[in-house]
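*Asks:* How does the following fold in three dimensions:
(one chain, ligands or ions: 1)
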Amino acid sequence: MRQALGSQLRITPDVENVFVCLICFKFFSESDPDEISLEHVPPDSVGGKVRTITCKVCNSESGSKLDNHLALKLEHEDIFAERSSGPLQAHASIDGIRLPIDFYKEDNNFSIVIPNNDKWQQKCRSQIDAFTEKVVSGKFEINVEYKLHSSKRANAAILRSAYLWAFSVFGYGVLINPHFPVIRGQIHNPEENILSSQGYGFLSGGIPDELLGVNLIKSPREARSLLVVLDVTSELGTKTRYGVMLPGPSLPGPMIYDWLESHQEEPINYQLEHIPEFDFLDAPMAFQMLWNELTATN
Ligand SMILES: [Zn+2]
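*Replies:* Purely as a prediction, here's the structure:
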């Protein structure tokens, strides 16, 4: 067979020094350095470190469409759990007079402060005076608006980080996985419910430090997957740990998310294997070999 095909087959890779963006799958060569950027995993705004590269377009799109929702989510959690009194950047309006304000929450009380910015205060003097007059009169109805985050976009930022982290450890070999297009589909369409459950298979709480990074879940069988454990940090320094499941190349594949969704309430005894931070980039089949080893046992 091999002999018969031998003369027609070229199995030596014929591309060199090519970089493929893991998010959009566009190819870039060494002559396009301006189109490639260093990528923080998790995002820079929540305390991540540079772990890989993506194309500039995908990197900046993620910043504005996903990462800022994650940072905002963490900020809101700090304020509403009263770990922080604020301020939250907001707008307040009374009778149509609308001003940017700092919003504070403490001991179930809310307060608003007009930011002390001389230039701005001078420019909007009459508005500020009218606003203050209403407040002093004691008869007013105040409306406070602050920028909401989208939980789905914040979750997609976490999912994207887990996916890029796995790549940073295993290299392109990790992409030989028929279930990863679904993951990329969810990242590209954060508001759609492509993966079952809004949790995307996050495991939270009680994950020990030793598991930070990439792990394989060996059992239960229904949960066999990659588990990427990562920390995100709010501006205030509150750390939240996520364990994100990513499907392996064979079964149960994305069914892990359905399984997890129906087992959210019960304690699960996971058997895990931690993958050390080893440079697998020169061993493109390392991930497949580890996965096969894992799934060969019962
Ligand atoms: Zn890209």
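
*Asks:* Spell out which residues of this protein are next to the ion.
*Replies:* 21, 23-24, 55, 58 (CB under 5 Å from the ion). From N, CA and C alone the C-beta is placed, and that goes for glycine too.

*Asks:* could you dump these to a markdown table with pLDDT, secondary structure and neighbour count?
*Replies:* Converted to a markdown table, these look like this (pLDDT from 0 to 100; DSSP: H, G, I helix; E, B strand; the rest coil; neighbours: other CB atoms under 10 Å):
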| residue | pLDDT | secondary structure | neighbour count |
| --- | --- | --- | --- |
| 21 | 94 | coil | 20 |
| 23 | 95 | coil | 20 |
| 24 | 94 | coil | 13 |
| 55 | 96 | strand | 23 |
| 58 | 97 | helix | 20 |
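
*Asks:* domain assignment for the protein?
*Replies:* According to automatic domain parsing, the chain comprises the domains 10-77+150-296, 80-146.

*Asks:* Run the chain-centre distance for the first one.
*Replies:* In this view, domain 10-77+150-296 has its centroid 8 Å away from the chain centroid, taken as CA atoms, centre = their mean, to the nearest Å.

*Asks:* do the last one as well
*Replies:* On the basis of CA atoms, centre = their mean, the separation between the geometric centre of domain 80-146 and that of its chain is 32 Å.

*Asks:* Make residue 1 into 819 and carry on from there
*Replies:* Shifting the count to begin at 819 puts that one at domain 898-964.

*Asks:* What's the end-to-end length of it?
*Replies:* This stretch, domain 898-964, spans 13 Å end to end (CA to CA, to the nearest Å).

*Asks:* That domain - what's its average pLDDT?
*Replies:* Regarding domain 898-964, the rounded mean pLDDT is 87.

*Asks:* Report the two members of the residues of the chain next to the ion separated by the largest distance.
*Replies:* 841 and 873 (7.4 Å; CB to CB).

*Asks:* related to what we said a few turns ago, out of the domains of the chain, deepest packed?
*Replies:* Burial of these is given as mean neighbour count (mean count of other CB atoms under 10 Å); domain 828-895+968-1114 ranks first at a mean of 17.

*Asks:* And residue 1011, how far from the ion?
*Replies:* 24 Å (CB to the ion, to the nearest Å).

*Asks:* what do you get for residue 1088?
*Replies:* Between residue 1088 and the ion the distance is 33 Å, computed by CB to the ion.

*Asks:* surely that residue meets residue 1041?
*Replies:* Yes. With contact defined as CB atoms under 8 Å, residue 1088 and residue 1041 form a contacting pair (6.9 Å).

*Asks:* hey, what's in contact with both of those two?
*Replies:* residue 1035 (CB atoms under 8 Å, 6 or more residues apart in numbering).

*Asks:* Helices of the stretch 969-1116 of the chain, start to end?
*Replies:* Secondary structure of the stretch 969-1116 of the chain, counting by DSSP state H, counting those that start in this stretch: helices at 969-988, 998-1006, 1073-1080, 1104-1114.

*Asks:* Which of the ones you listed comes out lowest on mean pLDDT?
*Replies:* Of all the helices of the stretch 969-1116 of the chain, helix 1104-1114 has the smallest average pLDDT, which comes to a mean of 86.

*Asks:* who are the neighbours of that one, in terms of helices and strands?
*Replies:* strand 1031-1037 (3 or more CB pairs under 8 Å, 6 or more residues apart in numbering; DSSP states H and E).

*Asks:* Give me the angle between the strand it packs on and helix 1104-1114.
*Replies:* 20 degrees (axes from the mean of the first three to the mean of the last three CA atoms, to 10 degrees).

*Asks:* which neighbours does strand 1031-1037 have in its sheet, and in what orientation?
*Replies:* Strand pairing for strand 1031-1037, using DSSP bridges, gives strand 1043-1051 (antiparallel), strand 1089-1092 (antiparallel).
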